[in-house]
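Asks: What shape does this take:
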Amino acid sequence: MLPGHGGLLDRIDSHLSSFPVLIFLIILLYS
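Replies: Below you'll find the predicted structure:
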C-alpha cells in the first residue's frame, strides 16, 4: 500500500460529493 493512498482516495471522494453542489451553483448563476 502506497503512503498517502487512502488520503488521496478520501480527497477524490470529497470532490465527488461536492461536485453536484458545484453543478447546482453553476445552474443558478447562469439561469
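Asks: any idea how far Ser17 lies from Leu8?
Replies: 15 Å (C-beta to C-beta, to the nearest Å). Yep, even glycine has a C-beta here, placed from its N, CA and C like the rest.
Asks: cool, and Leu16?
Replies: From Leu16 across to Leu8, the span is 13 Å (C-beta to C-beta).
Asks: what do you get for Phe24?
Replies: In this structure, Phe24 and Leu8 are 26 Å apart, going by C-beta to C-beta.
Asks: likewise Ser18?
Replies: Counting by C-beta to C-beta, the gap from Ser18 to Leu8 is 16 Å.
Asks: Also Ile26?
Replies: In terms of C-beta to C-beta, Ile26 sits 26 Å off from Leu8.
Asks: again, but for Val21
Replies: In terms of C-beta to C-beta, Val21 sits 21 Å off from Leu8.
Asks: Lovely, talk soon.
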